[in-house]
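[1] sequence first, predicted model second:
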Amino acid sequence: MKKTSCTMTRRNLLKKGLFSLAALPLGMGVMTPQVFASSLPLISEDHPQARALNYVHVAASASGHPSFKADAYCDNCRFWVAATNGCTLIPNFSFEPKGWCQAWVSAG
Ligand code: SF4
């Protein structure tokens with residue numbers, strides 16, 4: 001008798017667990033990268049940390065910088081965080097995907 005009760009509990013737990021797993025993709029669909037990106041404020045080029053790295057929203061505007069490389073953008077940088085349009089060097093802000101700074105390192 002007691003064993004049956006225990007089996008039912010395990011069965012119910014399994015059902016609830018499977019239901020939760022099935023619902024997970026629905027939640028992930030709602031939480032698109034754009035939603036994550038919009039949750040971080042876009043950094044200002046005048047922010048002290050951005051200025052320290054000569055960050056610009058449009059990479060081409062840094063073409064005169066000695067460290068600038070053609071086709072170097074935030075979104076192909078090793079420090080880019082695609083889910084939030086963020087940067088691991090300057091957390092809690094978002095960046096323009098086609099921005100650039102002197103700390104750029106190829107992600108490839
Ligand atoms: S380190 Fe890379 S991702 Fe971060 S601001 Fe500079 S170029 Fe953009």
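    Noted; the coordinates are in hand. Since the structure is predicted, the reported quantities are computational estimates derived from the model, not experimental observations. Numbering: from 1, shown residues only.
[2] rest of the way, CA atoms for contacts and neighbours
    Noted.
[3] for the chain, what lies in contact range of the ligand?
    Residues of the chain that fall close to the ligand, judged by CA under 6 Å from any ligand atom: Tyr55, Tyr73, Cys74, Cys77, Phe79, Trp80, Cys87, Leu89, Trp100, Cys101, Ala103, Trp104.
[4] whichever of these end up buried, select them in ChimeraX.
    To isolate the buried members of the residues of the chain next to the ligand in ChimeraX, using 16 or more other CA atoms under 10 Å:
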select :55,73,74,77,79,80,87,100,101,103,104
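[5] report the two of the residues of the chain next to the ligand separated the most.
    Farthest apart among these by CA to CA are Tyr73 and Leu89. That separation is 14.6 Å.
[6] secondary structure for the residues of the chain next to the ligand - can I get that in a markdown table?
    Formatted as a markdown table, the residues of the chain next to the ligand follow (DSSP: H, G, I helix; E, B strand; the rest coil):
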| residue | secondary structure |
| --- | --- |
| Tyr55 | coil |
| Tyr73 | coil |
| Cys74 | helix |
| Cys77 | strand |
| Phe79 | coil |
| Trp80 | strand |
| Cys87 | strand |
| Leu89 | coil |
| Trp100 | strand |
| Cys101 | coil |
| Ala103 | coil |
| Trp104 | coil |
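[7] hey, C-alpha coordinates of stretch 58-75 in CSV?
    Listed next in CSV are the C-alpha coordinates belonging to stretch 58-75 (Å, rounded to 0.1, in the frame of the first residue of the first chain):
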residue,chain,number,x,y,z
VAL,A,58,30.4,53.6,-35.5
ALA,A,59,33.7,51.8,-36.1
ALA,A,60,34.5,53.7,-39.2
SER,A,61,34.8,56.9,-37.2
ALA,A,62,37.9,55.4,-35.5
SER,A,63,39.6,54.7,-38.8
GLY,A,64,42.4,57.2,-37.9
HIS,A,65,43.2,55.4,-34.7
PRO,A,66,46.6,53.4,-34.9
SER,A,67,44.9,50.3,-33.5
PHE,A,68,42.0,50.3,-35.9
LYS,A,69,41.6,47.4,-38.3
ALA,A,70,39.1,47.2,-41.1
ASP,A,71,36.2,44.9,-40.4
ALA,A,72,36.8,45.1,-36.7
TYR,A,73,33.6,45.5,-34.8
CYS,A,74,32.2,44.8,-31.4
ASP,A,75,30.1,41.9,-32.8
